[in-house]
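**Student:** show me the folded form of this:
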Amino acid sequence: MGISLVSGCGKSTSWARRGEKSDETGLASFNSEERSVDEPSTSVEHESVSLDDSGFQLTSMSSTAKSPGLVTLEAGESFDEQIQNASGVVVVDFYADWCGPCRRQGAIVHELETSAAQHGALILKVNVDNHKAIARKFSVSSLPTLIVFRNGEIIERQTGLTDRTSVERLLKM
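**Tutor:** Reported below is the predicted structural model:
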């Protein structure tokens, strides 16, 4: 009998014995033998290790990315801290859930999450309905709007749907 890896969102990893009965979440469980490892990552490498005489095969994961490439600003989080603490450029995607072009823009920036992390850039998504004061501060009146910051200063601004190639260029600024 082996152990299979169950992972969610790249943030935590747990091991479950293959073939055990699953609960309603679909995850197998086996009491005290279950282990969890918190491991934030955007890019993951897999490595299998066999254990002697145990009948178990473990799968371990290691992160290859140093920081997340995409973050959504949640209620109570500081926009200014995200911008000031970034080590590279920050591409801020101002959007609204009801905006069709914003959904298309969102798909593009989500596709580029790994690329952003590889370039040391951060994509910060800001919902204008949840963060009206931030949208006003940066005079966001049309959606979607991308604003690029480097060292806390605005270096570029794009209004309207921006194609993938242009967003990739912004991440490399």
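**Student:** got the buried residues for the helix or strand encompassing Ile155?
**Tutor:** Assigned by DSSP states H and E, Ile155 falls within strand 153-159. Within strand 153-159, the residues that count as buried by 16 or more other C-beta atoms under 10 Å are Gln158. C-betas here are computed from N, CA, C, even on glycine.
**Student:** and Ile3, what pLDDT?
**Tutor:** pLDDT, Ile3: 38.
**Student:** can you tell me the strand partners of the strand holding Ile155 and which way each runs?
**Tutor:** strand 145-150 (antiparallel) (DSSP bridges).
**Student:** show me what counts as buried in the strand it pairs with.
**Tutor:** Buried residues in strand 145-150 (16+ other C-beta under 10 Å): 145-149.
**Student:** what are the contacting residues of the strand holding Ile155?
**Tutor:** Strand 153-159 is contacted from outside by 89, 138, 142, 144-149, 166, 170, 173, using C-beta atoms under 8 Å, 6 or more residues apart in numbering.
**Student:** OK, contacts around Val140?
**Tutor:** 94, 128, 147.
**Student:** distance to Ile155 and pLDDT added to the residues you listed, as TSV?
**Tutor:** Shown next, in TSV, are those (distance: C-beta to C-beta, whole Å; pLDDT from 0 to 100):
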residue	distance to Ile155	pLDDT
Phe94	16	98
Val128	21	97
Ile147	9	98
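**Student:** let me have these in CSV, extended by distance to Ile134.
**Tutor:** Formatted as CSV, the contacts of Val140 follow (distance: C-beta to C-beta, whole Å):
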residue, distance to Ile134
Phe94, 8
Val128, 8
Ile147, 10
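**Student:** and which of these is nearest to Gly120?
**Tutor:** Set against Gly120, the nearest of the contacts of Val140 by C-beta to C-beta is Ile147 (18.1 Å).
**Student:** just checking, what's the longest helix in the chain?
**Tutor:** The single longest helix within the chain, with elements called by DSSP state H, is helix 100-111.
**Student:** now the angle from it to strand 145-150?
**Tutor:** Interaxial angle of helix 100-111 relative to strand 145-150 (axes from the mean of the first three to the mean of the last three C-alpha atoms, to 10 degrees): 40 degrees.
**Student:** what's helix 100-111 packed up against?
**Tutor:** strand 90-95, strand 122-127, helix 164-171 (3 or more C-beta pairs under 8 Å, 6 or more residues apart in numbering; DSSP states H and E).
**Student:** any idea which of the ones you listed is most buried?
**Tutor:** Per-stretch averages of neighbours, counted by mean count of other C-beta atoms under 10 Å, single out strand 90-95 among the helices and strands packed on helix 100-111, with a mean of 25.
**Student:** sheet partners, orientation included, of it?
**Tutor:** strand 122-127 (parallel), strand 145-150 (antiparallel).
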